[in-house]
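1. Please find the sequence and the predicted model below.
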Amino acid sequence: MCESPEVAGIYISNPQFISTPIIYNDDNVPVIQNGKPFLLVGRVMYDSVTEEEIPAANSEVTVTLKDRSGNVVAISDDREKMTDDSGNFVLSFEAISDKGSYIAEIEASDSEYAFTASEEAPFDIGLRNDSDLFAKIRLKNAAPLELTSITGNTFRITNLGKTDISIPSNRQLFMVTDGVEKLIKEGTVNPLAAGKSQSFAFDYIAPQALPAPLKPFTLRIKVDTDNTVVETDERNNT
């Protein structure tokens with residue numbers, strides 16, 4: 001063990017869970033879908049007396065996953081336990097099937113000064129979601145005149161899945177001309193039960209193009225662009 005006048009200890013910086021999909025609850029705790037593997041990443045840094053950022057390279061990191069009753073459900077693989085030259089660690093875990101709240105207990109020790117540090121990172125395991133938002137547009141006038149305000153148009157957003165959506169999501173309507181999107185309406189989609197729909201009315205003005213009588217355009221709907229809803233198919237939200 002060496003003495004160092006520059007560092008006073010180590011700490012674990014910004015541990016984060018990575019999985020697809022992943023959402024955050026109202027307490028900003030990550031919710032990982034049950035049946036999905038995930039990663040825990042972070043960084044081990046020296047607590048520098050000069051406030052300089054010094055990575056704790058080649059530090060040993062061990063993570064123990066526990067449920068809220070303190071029962072161990074997984075321990076990180078020894079083959080992944082060392083930080084890289086920048087102090088980063090990446091630990092992989094198999095899927096957890098049981099829904100509930102969990103804690104990742106992270107312990108680190110550096111190889112040079114024998115400092116130790118610990119950190120807790122809470123996470124939840126949520127049920128597999130079978131929700132799927134889908135949008136369909138209906139135009140009152142399919143051949144509008146240029147610069148004319150077209151009213152009475154609607155678009156419908158449907159939950160095609162078998163699981164109720166209990167949280168709101170966003171919706172956006174764009175006019176696309178020459179490949180450029182222009183936002184013309186936005187708002188909120190309220191929680192949607194499985195198989196149910198919400199309809200929204202909108203107006204638009206057909207674009208002008210001289211000498212042609214009407215500039216070609218497309219109306220494009222986007223739903224849940226913030227990915228707040230976990231869906232079986234994220235590709236059909238436009």
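-> Alright, I've got the coordinates.

2. tell me the phi and psi of residue 177?
-> phi -130, psi 130 (degrees, to the nearest 10).

3. Contacts only, for it.
-> Counting by Cβ atoms under 8 Å, 6 or more residues apart in numbering, residue 177 touches 207, 215, 216, 217, 218. Every C-beta, even on glycine, is put in place using the N, C-alpha and C of the backbone.

4. Ok, residue 226 next?
-> Taking Cβ under 8 Å, 6+ apart, we find residue 226 in contact with 169, 170.

5. That one and residue 172: what is the separation?
-> 10 Å (Cβ to Cβ, to the nearest Å).

6. domains of this structure?
-> Listed by automatic domain parsing, the domain ranges of the chain are 7-126, 133-236.

7. distance between the last one and the chain's centre?
-> Here the centre of domain 133-236 is set off from its chain's centre by 23 Å, with Cα atoms, centre = their mean, to the nearest Å.

8. repeat for the longest one
-> The gap between where domain 7-126 is centred and where its chain is centred comes out at 18 Å by Cα atoms, centre = their mean.

9. out of the domains of the chain, deepest packed?
-> Highest mean neighbour count among these (mean count of other Cβ atoms under 10 Å): domain 7-126, with a mean of 16.

10. what bits of the chain have low per-residue confidence?
-> Scanning the chain for pLDDT under 70 picks out the ranges 1-5, 127-130, 140-146, 208-214, 230-238.

11. Show me what residue 126 is bridged to.
-> residue 33 (DSSP bridges).

12. Residue 30 is in contact with that one, correct?
-> No: if you go by Cβ atoms under 8 Å, residue 126 and residue 30 don't touch, sitting 9.8 Å apart.

13. Which residue is the nearest non-sequential neighbour of residue 205?
-> Using Cβ to Cβ, 6 or more residues apart in numbering and skipping the chain neighbours, the partner closest in space to residue 205 is residue 149 (5.3 Å).

14. Show the contacting residues for the closest residue to residue 199 other than its chain neighbours.
-> Leaving aside its chain neighbours, residue 199 sits nearest to residue 156 (4.7 Å; criterion: Cβ to Cβ, 6+ apart). Neighbour list for residue 156: 135, 136, 138, 197, 198, 199, 200 [criterion: Cβ under 8 Å, 6+ apart].

15. one more time with 6 Å
-> Residue 156 sits next to 136, 197, 199 when contact means Cβ atoms under 6 Å, 6 or more residues apart in numbering.

16. Including secondary structure, could those go into JSON lines?
-> As requested, these are exported to JSON lines (DSSP: H, G, I helix; E, B strand; the rest coil):
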{"residue": "136", "secondary structure": "strand"}
{"residue": "197", "secondary structure": "strand"}
{"residue": "199", "secondary structure": "strand"}
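
17. Which of those sits closest to residue 163?
-> Of all the contacts of residue 156, residue 163 sits closest to residue 197, with 15.4 Å by Cβ to Cβ.

18. For the spatially closest residue to the closest one that is not a sequence neighbour, pull up the helix or strand it's in.
-> Closest residue in space to residue 197, ignoring its immediate chain neighbours: residue 158 at 4.2 Å, by Cβ to Cβ, 6+ apart. For residue 158, the enclosing helix or strand under DSSP states H and E is strand 149-159.

19. Quickly run through the sheet partners of that strand, with directions.
-> Using DSSP bridges, strand 149-159 pairs in its sheet with strand 133-138 (antiparallel), strand 197-205 (antiparallel).
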